[in-house]
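Trainee: Quick one, fold the following:
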Amino acid sequence: MLATLPACTGPLSTLEPSGPAGASIATLWWVMLTGSSILFVLVMTLFLLVIQRPGWGAGVSPGGWLVLGGLVLPAVVLLPLIAYALIAGESLLPLPGQAPPRIEAVGQQWTWTFRYPDHGAVETRNVLHIPAGTPIDILVSSQDVIHAFWIPRFAGKIDAVPGHVNRLRIQADQPGRYAGQCNEFCGLGHAGMRFDVIVHRPEDFSVALARAAASEGPEKK
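Mentor: I've put the predicted structure just below:
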């Protein structure tokens, strides 16, 4: 298992989080991995006891084994994991009354258009610009088929559904360039439906966005 961990790095890795939501999801993954490993060890221990010590456990009825091995043993591990997952999931939800900046993400085979209603409704294509250290509400929709908006290092994915707007709250810890993609098969060009995320220092964001939108040019919109 340890030999496979180097493959869990890179621009699309959920195990290298760069925001609070991404960190919560990564922690949940490690907790689930630990819990499943504990459950595996317990099951294999029982298996080896039966193989190495014939007659061990003969005093337990078949019904007792079903209850102990099928209910009690998994519950000891799975119930705490479920409780932790519910708590982690609740922590990802926006708090009532908060109204952070908004960015509209519109999917269309096979590009992403980003609109910034709080900045004169300017648009960028396949490049999302956000400020660092600030919660941002991404309003996700689609113009044709179902897509999925996903920036692995920031948060979980959310579907882009025609005629419906879904909201995803993200936050980036540090300035830099990150990667996002469509994570729902949407046609032959699905594999190329990726986008870049450029995170700016808060004081540079407005100017950088204006320059990026101007460089798009009317012909690209």
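Trainee: Spatially central residue for the protein, please.
Mentor: Compute the mean C-alpha point of the chain, and by Cα atoms, centre = their mean the closest residue is residue 156, 2.0 Å away.
Trainee: Need the three-state assignment for that residue.
Mentor: Three states are possible here, and by DSSP: H, G, I helix; E, B strand; the rest coil the one that applies to residue 156 is coil.
Trainee: Quick check, it in contact with residue 21.
Mentor: Yes. Contact status for residue 156 versus residue 21: in contact at 7.3 Å, counting by Cβ atoms under 8 Å. For glycine as for every other residue, the C-beta is placed from the backbone atoms N, C-alpha and C.
Trainee: Residue 135 is in contact with residue 102, isn't it?
Mentor: No. Counting by Cβ under 8 Å, residue 102 is not a contact partner of residue 135; they are 10.7 Å apart.
Trainee: Tell me which of the two has more neighbours.
Mentor: The neighbour count for residue 135 versus residue 102, taken as other Cβ atoms under 10 Å, is higher for residue 135 (18 against 14).
Trainee: any weak-confidence spans in this structure?
Mentor: The chain contains residues with pLDDT under 70 at 1-9, 57-58, 90-98, 217-221.
Trainee: Please, where are all the strands along it?
Mentor: Secondary structure of the chain (DSSP state E): strands located at 102-108, 111-116, 122-125, 127-131, 136-142, 147-150, 158-160, 166-170, 176-182, 194-200.
Trainee: For residue 215, find the nearest of those.
Mentor: Checking those against residue 215 by Cβ to Cβ gives strand 122-125 as the closest, at 8.9 Å.
Trainee: what's that closest one packed up against?
Mentor: Identification of packing neighbours for strand 122-125 by 3 or more Cβ pairs under 8 Å, 6 or more residues apart in numbering; DSSP states H and E yields strand 111-116, helix 205-216.
Trainee: Using a markdown table, please lay out the strands of the chain together with distance to residue 82.
Mentor: Formatted as a markdown table, the entries for the strands of the chain read as follows, by distance: least, Cβ to Cβ, whole Å:
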| stretch | distance to residue 82 |
| --- | --- |
| strand 102-108 | 31 |
| strand 111-116 | 34 |
| strand 122-125 | 40 |
| strand 127-131 | 33 |
| strand 136-142 | 28 |
| strand 147-150 | 24 |
| strand 158-160 | 22 |
| strand 166-170 | 24 |
| strand 176-182 | 29 |
| strand 194-200 | 32 |
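Trainee: quick one on the thing from earlier: Throw the helices and strands packed on strand 122-125 into TSV and include distance to residue 179 and mean neighbour count, thanks.
Mentor: Formatted as TSV, the entries for these read as follows, by distance: least, Cβ to Cβ, whole Å; neighbours: other Cβ atoms under 10 Å:
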stretch	distance to residue 179	mean neighbour count
strand 111-116	12	20
helix 205-216	17	15
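Trainee: Spit out the contact partners of residue 143.
Mentor: The contact partners of residue 143, by Cβ atoms under 8 Å, 6 or more residues apart in numbering, come to 106-108, 162.
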